[in-house]
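Enquirer: What follows is a protein structure lacking sequence information:
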DNA sequence: CATTAATCGAGACGGTACGTCCAGTCTTTAA
DNA sequence: TTAAAGACTGGACGTACCGTCTCGATTAATG
C-alpha cells in the first residue's frame, strides 16, 4: 500500500480512508480511471482535500490502493494435478475476474505506473510479485526448477498482459489453452 | 501518423512541423515523456499553440508521432535460416535499439495509450501491426501456419513487453535465447 | 493605477475589467473590504481567475483600483477667498464624500498599504499626492510659501486621517473649524 | 493585554507565553509582521497551536501583545517647562524609540487594526489612550483647557502618524520643531 | 491521597483561498 | 488561409493556514 503512517496526536479517521477509496473506485468506473481527480474524490467522499493529501501523494495512488484492496481477495491460486493445469487455472481465473470495468482499471494502473516510479513499485510489490511467487511455488511443487518456472510465467503471463494492453484480440479460453499447451509439452 | 491534412490557402510551414517534433522529443527526454505539454512544445519550438493544435489533437500525439518517426527506421526484420533464428534476430535487434531514453519513451507511449483510445489506435496501426505482419510473414516463409505464428509472437513479444513494462529483471541475450528455445523446439 | 498593459495578440476585454472592478466594490461593501478574495471576485464578475491575475497582483490591488476609480471624481478642490476657507472646504468636502461604506474602504486601503509596498505606492501616487499638489497650489495662490503650505497640510490632514484611522471621536464641522482656526490665525 | 484568564486545574505555563511572544516578535521582524501565522509561531516557539488559541484569538493579537509589551516601557512623558517643550519632548522621544523594525511593526499594527475591531480596541486601550491621557494631563498642568489640549494633540500627533503611515517624507527634529511652533504660538 | 479539572504536546479534521499550470478556444495583426 | 502572439474560460493542482477537534500525558488544587 501507499498510505503513509503516523502515531502521536489524534488518530486518523478510518471512515475517511474507506470513504476515499470507495469514492475513488466509483469515479474510476463512472468517468474512466484517468479522469479521477483529488478534488473529485474529496467531493464525492465528503472529505477535505488535505485529508487525502495527508495519506496519498496523488490521485493515481489512491486509485491504485483502492484497486488493489478490491481485487486482491478475488484471486487465489488453484493448484491443479499438473503444472499445465495450474497455469491454465491461474489464467482463466484471472481472465474471469477481469470484468470490463476492472480490466480498464488494471490497464490504467499499469499505464500510470509507466510514468510514476512509486506507483510502479506499489504495483510490483502488491500485485505482480506476490502472485508471481505463488505461481513459482506451484510450479516447483510440480517438479520443475525455479528458472524453468520463471520462464514459463514470463511467457504465458507476458502474452496475457500483452493482449490486455494492446487489444488487437480477445482473451478467451481456447487461446489460453493454446498458450499453455505450447509451453508445457 | 496522426497529423491532420489541409489544402487551400497558405501552405503549412514544414519547418514548423519539424521544430515541433524536435521540441517534443527534446522535452520528452529532458522532463520525462509525461511532462511534455503543448505550451512547453510551443515555447521550445518557437511556434504558436494554434499551429500545433492545427496538426495534432494533444501533446501525447505529438510525442507519439515524433517517437515513431525516430524509431521506425531503426528496426527492420532480418530473416534467418529458421523461424527460431528470425525470432531471435527480431528480439535482439529490438533490445539493442532501445537505449534507456527510448526505452522510457516507449514505456510511456504504451502507458499513455492505456487511457487514450486515439493514441492506442495510432500505436497499434503504426508500430505494433506492421511489425507483427512482418513477423508473421517471416514465420510463414519458415513453413509454419499463420495461427501457429500468431501464438509464437504472442508468447515471445508478450514476454518481451512484460519485462519492458514491469521491470523486475533485465532483458538480455541469454534470456531471449531461452525464450525462443522454449517455444521453438 | 496598478493594471498591467499589453499590445500584440488579442485585445484585453474591457468589459471584463469593468465587471471585475464592479464585483470588487460590491463585495467590499457586502463582506467588508478584507474579506474580498480573488475567487469571490471572479465568481461574482463571471470571469476566470487567470483573467484577474493577468491584470492585478492580488485582491487588495483590485479593490484599490476600483476604489480610486470610484472616489477620484467625487472630490475636487473648491478654492475659497482665503487659505483658511480653502482648507475648510477641502476638509468638509472630504468628510461629506466619505459615507460609512467608503470610509471603511479608505481605512482598509490605508491599512492594507502598510504591509504591501506596491499598494502603498499606488495609494500615494493616485490618491495622496495629486490631492496634496492641488492643496499646495491653492495655498501658494493664497500668498503663503510652499514650505508653510506643506506644514499646514501635514497638520490638518494629519489630524483628519488620525481621526479616521483611530476612531475615538467623530469628524464633524465644528472640529474641522477648530482645526483650521488653530493653524490659520 | 488581550490574554484570557483561567483558575482551577493545571496552571498555564508562563514560559510558553513568553516563548510565544518572543517567537511572534522574531517572526514579525524576519518575515514582516503580516506574514506571521499561528502555525509559524507555534513551530518557532515549540508550542502547540491550542496553547496559543487558548490565550489569543488570532495571530495579529499575539503580535500586538508582544509589540505593546516591548515598546511600552520605552516611552514615558518627560514634562518640560512649557506646553511646547512637553510636546516637543514627547514627539522626539517617540521618533527616537522607533527604530526601523519597530516602525514597521507599528505601521502594521495600525494597518491590521483597520480590519479587526478587536485589534483596534486593544490598540486604542493599550497604546493610544494612555499616552493621550498623559499628554492631556501635561498640557492641563501647563495651564491650557482640556479641549484646547485635545486639539493640540490631534494636530501634532495626527501629523506624526500621517507621516508614519504615508511615508512621503522623513520624521526629523526640524520638522517636529516646526509643527510645535506652528500650534503653540 | 485519590480525584478531577485544566493544560500541554501533537497532529488529524473540514475548510477556504491561494497562486500556478495547462487545456483548448477565440481574436487580432501581419504576411 | 496560415502564422505568431496572446487573451479568454475553465479545471485541477498542491500548499498554506485557519480554527476546531481528539488524543494521551502532565500537573496541581480540591474533596
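Expert: Everything's here; your move. Keep in mind the model is a prediction, meaning the values are calculated, not measured.
Enquirer: Return the residues of chain A in contact with DNA strand F.
Expert: A:9-11, A:35, A:37-40, A:49-50, A:53, A:58-59 (C-beta under 7 Å from any atom of the strand). All C-beta atoms are positioned from the backbone trio N, CA, C, and that covers glycine.
Enquirer: Using pLDDT, spot the least trustworthy of the residues you listed.
Expert: The lowest pLDDT within these belongs to residue A:9, which sits at 86.
Enquirer: How much space separates it from residue C:67?
Expert: 45 Å (C-beta to C-beta, to the nearest Å).
Enquirer: and the two? which has more neighbours close in?
Expert: Each of residue A:9 and residue C:67 has its neighbours counted (other C-beta atoms under 10 Å in any protein chain shown); residue C:67 has more, 23 against 7.
Enquirer: Hmm, residue C:112 and the more buried one touching each other?
Expert: No. The pair residue C:67 / residue C:112 is not scored as a contact, 10.6 Å apart, by C-beta atoms under 8 Å.
Enquirer: Name the residues of chain A found near chain B, please.
Expert: Proximity of chain A to chain B (C-beta under 8 Å from any C-beta of the partner chain) is limited to residues A:32-34, A:107-108, A:110-115, A:120, A:123-124, A:128-129, A:132, A:151-152, A:154-163, A:165-168, A:178-179, A:182-183, A:185.
Enquirer: Out of the residues you listed, which sit inside strands?
Expert: Taking DSSP state E, every one of those sits outside strands.
Enquirer: Can you pull the phi/psi pair for residue A:166?
Expert: The phi/psi pair for residue A:166 (degrees, to the nearest 10) reads phi -120, psi 80.
Enquirer: show me the contacts for it.
Expert: B:110, B:120, B:123, B:124, B:128, B:161 (C-beta atoms under 8 Å, 6 or more residues apart in numbering or on different chains).
Enquirer: buried stuff in stretch A:83-95?
Expert: Within stretch A:83-95, the residues scored as buried using 16 or more other C-beta atoms under 10 Å in any protein chain shown are A:83, A:84, A:86, A:87, A:88, A:89, A:90, A:91, A:92, A:94, A:95.
Enquirer: Same question for stretch A:28-43.
Expert: A:28, A:33, A:34, A:36, A:38, A:40, A:41, A:42.
Enquirer: rewinding a little: buried subset of the residues of chain A next to chain B?
Expert: Applying 16+ other C-beta under 10 Å to those flags A:33-34, A:107-108, A:110-115, A:120, A:123-124, A:128, A:132, A:151-152, A:154-163, A:165-166, A:178-179, A:182-183 as buried.
Enquirer: Let me see the contact set for residue A:51.
Expert: Residue A:51 neighbours (C-beta under 8 Å, 6+ apart): A:13, A:16, A:20, A:42.
Enquirer: Ignore what I typed, I meant residue A:31.
Expert: residue A:40.
Enquirer: From DNA strand F, how far off is the closest residue to residue A:128 other than its chain neighbours?
Expert: The shortest distance from residue A:128 to any residue other than its chain neighbours is 5.7 Å, reached at residue B:166 (C-beta to C-beta, 6 or more residues apart in numbering or on different chains). Note on residue B:166: its distance to DNA strand F, by C-beta to the nearest atom of the strand, to the nearest Å, is 24 Å.
Enquirer: distance of residue B:166 from residue A:162?
Expert: For residue B:166, the distance to residue A:162 - C-beta to C-beta - is 12 Å.
Enquirer: where in chain A is pLDDT low?
Expert: Residue ranges of chain A with pLDDT under 70: A:1-7.
Enquirer: Could I get the phi/psi values of the residue of it found nearest DNA strand E?
Expert: Chain A approaches DNA strand E most closely through residue A:9 (2.0 Å), counting by C-beta to the nearest atom of the strand. Here is the backbone geometry of residue A:9 (degrees, to the nearest 10): phi 80, psi -170.
Enquirer: and what of residue A:81?
Expert: The phi/psi pair for residue A:81 (degrees, to the nearest 10) is phi -70, psi -30.
Enquirer: Please report the number of neighbouring residues for it.
Expert: Counted with other C-beta under 10 Å, residue A:81 comes out at 8.
Enquirer: ok, back up a step: okay, and which of the buried residues of stretch A:28-43 map to strands?
Expert: Those of these lying in strands (DSSP E): none at all.
Enquirer: Rebuild these as JSON lines, extending it with distance to residue D:174.
Expert: Output for these, formatted as JSON lines (distance: C-beta to C-beta, whole Å):
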{"residue": "A:28", "distance to residue D:174": "75"}
{"residue": "A:33", "distance to residue D:174": "74"}
{"residue": "A:34", "distance to residue D:174": "71"}
{"residue": "A:36", "distance to residue D:174": "69"}
{"residue": "A:38", "distance to residue D:174": "62"}
{"residue": "A:40", "distance to residue D:174": "66"}
{"residue": "A:41", "distance to residue D:174": "66"}
{"residue": "A:42", "distance to residue D:174": "62"}
